[in-house]
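pasting a predicted model and its sequence here:
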Amino acid sequence: MESSSSSSSSSSSSSTFYVSHFDYLILFFLRPLLAISFVLSLILLGWFLAWKLVLVHVPLVQEIFGLRKKHTKPKPPTRGRLSRVYNSIDAQNSTSQ
């Protein structure tokens, strides 16, 4: 009995786990790179959806990014009381000369 139990313990102690260089490459380089790229892709996807669904319709964002041109109407030459007063004075001056 003793010999069988000692042989099993010696076989378990003789089997060691060897880590290759490829395993270190995956552990320290590839996995963090994949994790960072996954997080960045989620952030970019969220930003893209927010941009397409919400932010494009906000007037302040449209103005900042130049998405909407400001439409300015040309002002009419006779738009208010003062222009009518000055026009009537000009008309009186031109008739008196």
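The structure has been received and is ready for your questions. All of these numbers come straight from a predicted model, not from anything done at the bench.

which residues does P32 contact?
If a contact means CB atoms under 8 Å, 6 or more residues apart in numbering, then P32 has no contacts. For glycine as for every other residue, the C-beta is placed from the backbone atoms N, C-alpha and C.

where does it fall, secondary structure wise?
Here P32 sits within helix 31-53, counting by DSSP states H and E.

for the record, mean pLDDT for the helix or strand that that helix is followed by?
Heading C-terminal from helix 31-53, the first helix or strand you meet, by DSSP H and E, is helix 59-65. Helix 59-65 carries an average pLDDT of 85.

what does helix 59-65 rub up against?
So helix 59-65 is in contact with L55, V56, L67, R68, K70, going by CB under 8 Å, 6+ apart.

most neighbours, which of the residues you listed?
Neighbour counts for the contacts of helix 59-65 peak at L55, which has 15 neighbours (criterion: other CB atoms under 10 Å).

and which of the contacts of helix 59-65 is nearest to H21?
L55 (46.8 Å; CB to CB).

quick one: the closest one from S37, how far?
Look at L55 and S37: by CB to CB, to the nearest Å, they are 24 Å apart.

quick revisit: which parts of the helix holding P32 are buried?
Buried residues in helix 31-53, counting neighbours by 16 or more other CB atoms under 10 Å, are absent.
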